[in-house]
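**Student:** Generate a structure from the sequence data that follows.
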Amino acid sequence: MLAGAQAQPLQQTLARMDQSSAAFRGMTSKIRRVSYTAVINENNIDSGTMFLKRARPRDLRMLVELTEPDPKSVAFQGRKLEIYFPKIKTVQEYDVGKNRSLLEQFLLLGFGSSGRELAANYALKALGSESVSGEKTTRLELTPKSAAVLEQLKKVELWISDSGGYPVQQKFYLPGGDYMLVTYSELKLNPEMADSAVKLKLPRGVKREFPQK
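**Tutor:** The predicted structure follows:
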């Protein structure tokens, strides 16, 4: 059982997430991503823009356009994951297959995922109130209940907006001491978004590779 002092902010935050997820159709945001590699004690930082669209419950589409320091675009829809490297005019295409539901779970972690879904898949703990980029948030710790997920993801921390019920920041703790910290800014929920907004913008003459084959 959760202690009473911790249970109240946790339940209030999950209730806000339930409200937000019920209406979730998509989002756009600027993102800043810090990828930490423990074995060499090094941070890699990149930034860009993220677009998410959920037309139907099982129809998630995503486009991330990273602009700094090295341009790269990542698109996801259905079973297909595409990574575009503009400097070498090459697209790498992957079939995510059986990992699709796991990938969607990570992409939607806090965006469109309800408090009930989080409680079903993770052991939850409220870590208190924090301000991120001037926005008041409640920080949650999520530990996967699935042994298969635990092999790839040790735990997650979410900083959930107290006003909107969506993540302002996410931290993914990976095996070996690595982690990835993603911070969102200028976030817009449920904007009008054409299907083309979540597709790669490719010039002519792009080479397509299939690394799995």
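**Student:** Only C-alpha atoms from now on, for both contacts and neighbour counts.
**Tutor:** Fine.
**Student:** Secondary structure class of residue 152, three-state.
**Tutor:** The three-state assignment at residue 152 reads coil, by DSSP: H, G, I helix; E, B strand; the rest coil.
**Student:** In contact with it: list those residues for me.
**Tutor:** Contact analysis of residue 152 by C-alpha atoms under 8 Å, 6 or more residues apart in numbering lists 174-175.
**Student:** I'd like the mean pLDDT over stretch 113-120, please.
**Tutor:** Mean per-residue pLDDT for stretch 113-120: 87.
**Student:** Give the buried residues for that stretch.
**Tutor:** 113-115, 118 (16 or more other C-alpha atoms under 10 Å).
**Student:** How about stretch 83-97?
**Tutor:** 83-85, 90-94, 96.
**Student:** circling back to that earlier point, list the ones among the buried residues of stretch 113-120 that fall in strands.
**Tutor:** Using DSSP state E, no member of those falls in strands.
**Student:** what's the closest of the residues you listed to residue 160?
**Tutor:** The shortest approach to residue 160 among these belongs to residue 115, at 11.2 Å (C-alpha to C-alpha).
**Student:** May I have the beta-bridge partners of residue 47?
**Tutor:** residue 32, residue 68 (DSSP bridges).
**Student:** Just the CA trace of stretch 175-191, in CSV.
**Tutor:** What follows is stretch 175-191, C-alpha atoms only, in CSV (Å, rounded to 0.1, in the frame of the first residue of the first chain):
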residue,chain,number,x,y,z
PRO,A,175,20.8,-1.2,-18.9
GLY,A,176,24.4,-0.6,-18.0
GLY,A,177,23.8,2.8,-16.4
ASP,A,178,22.9,4.6,-19.7
TYR,A,179,19.9,6.9,-19.8
MET,A,180,18.0,9.2,-22.2
LEU,A,181,16.4,12.5,-21.0
VAL,A,182,13.8,14.1,-23.2
THR,A,183,12.5,17.6,-22.5
TYR,A,184,9.5,19.1,-24.3
SER,A,185,8.9,22.8,-24.9
GLU,A,186,6.3,24.9,-26.9
LEU,A,187,4.1,21.8,-26.7
LYS,A,188,0.7,21.9,-28.4
LEU,A,189,-1.9,19.3,-27.8
ASN,A,190,-4.4,18.1,-30.4
PRO,A,191,-3.5,20.6,-33.2
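**Student:** can you give me how far the helix or strand containing residue 141 is from the chain middle?
**Tutor:** Using DSSP states H and E, residue 141 sits in strand 135-144. Mean-position distance between strand 135-144 and its chain equals 14 Å (C-alpha atoms, centre = their mean, to the nearest Å).
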